[in-house]
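>>> Build me a model:
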Amino acid sequence: MIYTVTFNPALDYVVHMSQDLAIGMTNRSDAEEIYFGGKGINVSNVLRELDLPTTALGFIAGFTGKALDEGVAASGITTDFIKLPEGNTRINVKIKAADETEINGQGPKIPDECQKALFKKLDQLKEGDTLVLAGSIPSSLPSDVYERILERLDGKGIRFVVDAIKDLLLNVLKYHPFLIKPNKQELGEMFGVTIDSDDDTVLYAKKLQEKGARNVLISMAGDGSLLVTEDGQILRQGVCKGKVKNSVGAGDSMVAGFIAGYEKSGGDYKVALNLGTACGGATAFSDGLAKKDLIDELYKTLN
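Numbers count the residues shown, from 1 in each chain. From the prediction side, this is the model:
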């Protein structure tokens, strides 16, 4: 089973406007949508499109949390969220006009007893399961919570996938995560350098492997991606061709596609990289997250 953790999920309220946003004035939308957001939930959604079952873990609160739980479950994803005693799951407002503007909510406080309840749920994972940890840590959780989780589950034969930045990522490498996915800028920031070439990318990706990472996937926006595998392969892939409509969730989609490609191919890293690229592109070219038909179409265009 694949488990995803979203510490601070959200209802994403997307507002479309044909005119520019006028600050200090009343603005009217042309259309609106509501999505159930959060990096782990995004991964679960795309894995569902690829016919891989997941269980979504994390924290919810209040009437917005109830709506999120029901919405995610109705989409075909198994949910096992922990209900917080106070507050409401946050609402993120995303305004799509001439420029994209986002207002992200802070989210509810997570008390110690609820953190412990999550740990107990994670204790049930068994050998062969995959755990996806993605995104930032709410201020009410300890900053080393990723590290605590991986330390707790270390040695159980669980495949860890971590999509995080800087110390949050560096501090868990000693637990040998199966996959990490920094982008090129984040890779440079971790080592205090500027990444100018593929050779630089490979050099510093290998340094992350020396610290414990098994497979390092570096996303490079319009320049595609580069994968350094634990068996010594260096794989390069460009981006899919299409019109970019959406910047939200493309990285999460790439992670989901990589996991699915690896699982379905029996461990073929080229298939994993290509399916991850197709999923990232399918989200970038859509109003919401990637759908199977477009994923399949884009996958066929990749060598």
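>>> all strands of the stretch 201-303 of the chain, in order?
Using DSSP state E, counting those that start in this stretch, the strands of the stretch 201-303 of the chain run over residues 215-219, 225-228, 234-237.
>>> Buried deepest among those strands, which one?
strand 215-219 (a mean of 25; mean count of other Cβ atoms under 10 Å). The C-beta positions use only the backbone N, C-alpha and C, and glycine is treated the same way.
>>> Nearest to the spatial middle of the protein, which residue is it?
Asp252 (3.3 Å; Cα atoms, centre = their mean).
>>> out of the strands of the stretch 201-303 of the chain, which comes closest to Tyr3?
strand 215-219 (18.8 Å; Cβ to Cβ).
>>> what's the average pLDDT for that closest one?
Averaged across strand 215-219, the pLDDT comes to 96.
>>> With stretch 130-148 instead?
In the prediction, stretch 130-148 has an average pLDDT of 91.
>>> Could I get the CA-only coordinates of that stretch as PDB?
C-alpha atoms of stretch 130-148 as PDB (Å, rounded to 0.1, in the frame of the first residue of the first chain):
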ATOM      1  CA  THR A 130       5.500   3.100   0.500                       C
ATOM      2  CA  LEU A 131       5.300   6.300   2.600                       C
ATOM      3  CA  VAL A 132       5.200   9.700   0.900                       C
ATOM      4  CA  LEU A 133       6.100  12.800   3.000                       C
ATOM      5  CA  ALA A 134       5.700  16.000   1.000                       C
ATOM      6  CA  GLY A 135       5.600  19.700   1.800                       C
ATOM      7  CA  SER A 136       6.400  22.100   4.700                       C
ATOM      8  CA  ILE A 137       5.800  21.600   8.400                       C
ATOM      9  CA  PRO A 138       3.100  23.600  10.200                       C
ATOM     10  CA  SER A 139       4.500  25.800  12.900                       C
ATOM     11  CA  SER A 140       2.600  23.800  15.600                       C
ATOM     12  CA  LEU A 141       4.600  20.700  14.800                       C
ATOM     13  CA  PRO A 142       8.300  20.200  15.700                       C
ATOM     14  CA  SER A 143      10.600  21.100  12.800                       C
ATOM     15  CA  ASP A 144      12.200  17.600  12.900                       C
ATOM     16  CA  VAL A 145       8.900  15.700  12.600                       C
ATOM     17  CA  TYR A 146      10.000  14.100   9.300                       C
ATOM     18  CA  GLU A 147      13.100  12.900  11.000                       C
ATOM     19  CA  ARG A 148      11.100  11.500  13.900                       C
END
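>>> buried stuff in that stretch?
Within stretch 130-148, the residues that count as buried by 16 or more other Cβ atoms under 10 Å are 130-135, 137-138, 140-141, 145-147.
>>> can you check stretch 170-188 too?
170-173, 175-184, 186-188.
>>> And for stretch 190-206?
Buried-residue list, stretch 190-206, by 16+ other Cβ under 10 Å: Met190, Ile195, Asp200, Thr201, Val202, Tyr204, Ala205.
>>> how about JSON lines for the strands of the stretch 201-303 of the chain, with distance to Leu84 added?
Listed next are the strands of the stretch 201-303 of the chain as JSON lines, based on distance: least, Cβ to Cβ, whole Å:
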{"stretch": "strand 215-219", "distance to Leu84": "32"}
{"stretch": "strand 225-228", "distance to Leu84": "36"}
{"stretch": "strand 234-237", "distance to Leu84": "40"}
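>>> For Leu298, find the nearest of these.
So among these, strand 234-237 is nearest, using Cβ to Cβ, at 11.7 Å.
>>> elements contacting the closest one?
Packing partners of strand 234-237 (3 or more Cβ pairs under 8 Å, 6 or more residues apart in numbering; DSSP states H and E): strand 225-228, helix 269-284.
>>> Name every strand pairing with the shortest one and say which way it goes.
Right, the one you point to is strand 225-228. Take DSSP bridges as the rule and strand 225-228 pairs in its sheet with strand 215-219 (antiparallel), strand 234-237 (antiparallel).
>>> contacts for it?
By Cβ atoms under 8 Å, 6 or more residues apart in numbering, the residues outside strand 225-228 that reach it are 198, 201-202, 205-206, 209, 215-220, 233-237, 254, 269, 272-273, 276-277.
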